[in-house]
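[1] Coordinates only, no sequence provided:
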């Protein structure tokens, strides 16, 4: 008995936590109620007809007794009234009218019926009239009265309604009891055969979702030999394979992380080496060039033509090498985030005109014409670094000259796009770029190989530096090219009137390299979301990347704060959770509805969060991170390894 009670308690507890069980229980209960209610309607009607039949039968028996007495007294009409009045006391017969078979009225007494048809002779079957629940009027033919008379009677039916009501309540109570019992039995059967396996599957899947790598929870309990058992066994096989795959992936991740760390360390070492070597090489190279110029310009020792040509070769090669050294040093500084931007409002057309003037002499040597379009028709005020902007334009214009054909042309076009960006395109009629080389165009030390002479010129770093600078200034760069026909390189930089872009400067620097790097990536992604030219599918990818990288950044930032014993960690964690929640709500709303108002809210949220959070909150971390760089690197490496 105790065992049964415990099983019942376990069943009730399981039922409380199973939403599907409640739905099935409600469905079964309502189905039984509906069926029983349908049956109730017919059974009540049958019960009511039965009661009426009994009442009618009682009235008919009394009528027969009266008529026998009448026949016994030779059909004296006075006898009917006397006998009727005496017999109807305490019976259902309220009154009646007696006719002979020809339709002649014989006698009547009591509360006579009034709604039945007129009697003209004997009838074949009984006629009923139910005006209300209190009386019933009936016409009995002679074969029912078993006499030579036709009788119209009024019968009292007031006792029927209470009996019907009592019957209905008894049936309702019985229906509820049956419904509860049947539902409970059905649920016990369903719980054992279906719901228990489903709950086991649910609990097992939830445990696996929480700890997919734990062998103790990555196997479901055996739930029988039926279809559910087959499902669980199949899922167990799948989780076993997944666990093995997880183990392999974890090993691969460790190897990849090791390779990544080595590559990052190698990249840091490379940048340091390049910066160091560039400094070391530039000093003696300047000395070589200086002595060569002294020899060339010494009035006391005039050089011969041969010697002068040799000095020119030294100067040409030395200047080329010095240019290479300067570009390598510039690349190293930009990659190491040691090339700060100085923002100012500049007139892009003025700087473009100045840059064209600087490359024109080189273009004239190759008889190349330069045509400029739309320079007076657009808003050209940018908020950017003027020196870096000039460096970008000179690089692109120099390439357009360098890789152009003799007698070719260069077209420079300036446009303002709908996103409040200034679009500058530089088109040449040169050698072009093969399609299989597109992927390498912005990689360092890559140069065009279409022309052997041209391939010897340049350092292969210019476009790499240009791309890095453009992205640092919240801009974009791209190109189109046809091999042997020419190329078009274009850049886009935000106008000073564009309020929706961020440009990373030292003002936003927190002072912790890892956090600053994450902030730069988030700012670049946010700038992409701010653009109105992207399609919905492209925005989806960017927004998803922002969500994922935000969580990744917060995890790294929280690890850094723990490593450096940040005092307000709990408040910072709560703020991170709030920001992630708001970002999820807005992004999920966008994914579902693609509402422009939601996108605008998302843009405002990202802008307010990034700038406000960086300037007011994250800047407080640097003080506690001082001198703990090694501890921070170890903590970050640990979370990268654990995933």
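    Good, I have the coordinates. As the structure is a prediction and not an experimental result, all values here were calculated from the model.

[2] Can you name the residues that contact residue 379?
    416, 422, 495, 497 (C-beta atoms under 8 Å, 6 or more residues apart in numbering). All C-beta atoms are positioned from the backbone trio N, CA, C, and that covers glycine.

[3] so how far is residue 548 from the third one?
    Residue 495 is 31 Å from residue 548, where distance means C-beta to C-beta, to the nearest Å.

[4] And the strands in this structure, which stretches?
    Here the chain has its strands, by DSSP state E, at 93-100, 105-110, 127-129, 135-140, 149-156, 344-347, 369-373, 381-384, 409-416, 421-428, 476-482, 486-494.

[5] quick one: strands adjacent to the second one?
    Right, strand 105-110. As defined by DSSP bridges, the strand partners of strand 105-110 come to strand 93-100 (antiparallel).

[6] could you check the angle strand 135-140 makes with the partner strand?
    Relative orientation of strand 93-100 versus strand 135-140 (axes from the mean of the first three to the mean of the last three C-alpha atoms, to 10 degrees): 20 degrees.

[7] Tell me how far strand 93-100 lies from the chain's centre.
    84 Å (C-alpha atoms, centre = their mean, to the nearest Å).

[8] For residue 346, give the beta-bridge partners.
    With DSSP bridges as the rule, residue 346 is bridged to residue 382.

[9] what's the burial count for it?
    Neighbour count of residue 346, defined by other C-beta atoms under 10 Å: 20.

[10] looking at it, it is touching residue 381, isn't it?
    Yes. In terms of C-beta atoms under 8 Å, residue 346 counts as a neighbour of residue 381; the distance is 7.3 Å.

[11] for the chain, where's the lowest mean pLDDT among helices and strands?
    Ranked by mean pLDDT, DSSP states H and E, the weakest helix or strand in the chain is helix 452-455, scoring a mean of 42.

[12] so residue 139 makes contact with residue 116?
    Yes. The pair residue 139 and residue 116 qualifies as a contact (C-beta under 8 Å) at a distance of 5.0 Å.

[13] between those two, which one's more packed in?
    Ranked by neighbour count (other C-beta under 10 Å), residue 139 and residue 116 place residue 139 first, with 21 against 17.

[14] backbone phi and psi for residue 621, please?
    phi -80, psi -40 (degrees, to the nearest 10).

[15] Any figure for the gap between it and residue 636?
    Applying C-beta to C-beta, the value for residue 621 to residue 636 is 14 Å.

[16] same question, residue 183
    Note on residue 183: its distance to residue 636, by C-beta to C-beta, is 58 Å.

[17] Neighbour count: those two, which is higher?
    residue 183 (20 against 16).

[18] which regions of the stretch 101-250 of the chain sit below the pLDDT cut-off?
    Low-confidence regions of the stretch 101-250 of the chain, defined by pLDDT under 70, span residues 191-195, 208-229.

[19] What lies in contact with stretch 572-591?
    Contacts of stretch 572-591 (C-beta under 8 Å, 6+ apart): 539-540, 543-544, 546-547, 550-551, 554, 557-558, 561, 566, 595, 598-599, 601-602, 605-606, 609, 613, 617.

[20] Pull out the buried members of these.
    Neighbour counting over the contacts of stretch 572-591 (16 or more other C-beta atoms under 10 Å) leaves 539, 543, 546-547, 550, 554, 557-558, 561, 566, 598-599, 601-602, 605-606, 609, 613, 617 as the buried ones.

[21] Next, count neighbours for residue 592.
    Applying other C-beta under 10 Å, I find that residue 592 has 9 neighbouring residues.

[22] related to what we said a few turns ago, got TSV for the strands of the chain, with distance to residue 397 too?
    Listed next are these as TSV, based on distance: least, C-beta to C-beta, whole Å:
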stretch	distance to residue 397
strand 93-100	120
strand 105-110	125
strand 127-129	112
strand 135-140	113
strand 149-156	117
strand 344-347	17
strand 369-373	8
strand 381-384	17
strand 409-416	7
strand 421-428	6
strand 476-482	14
strand 486-494	10
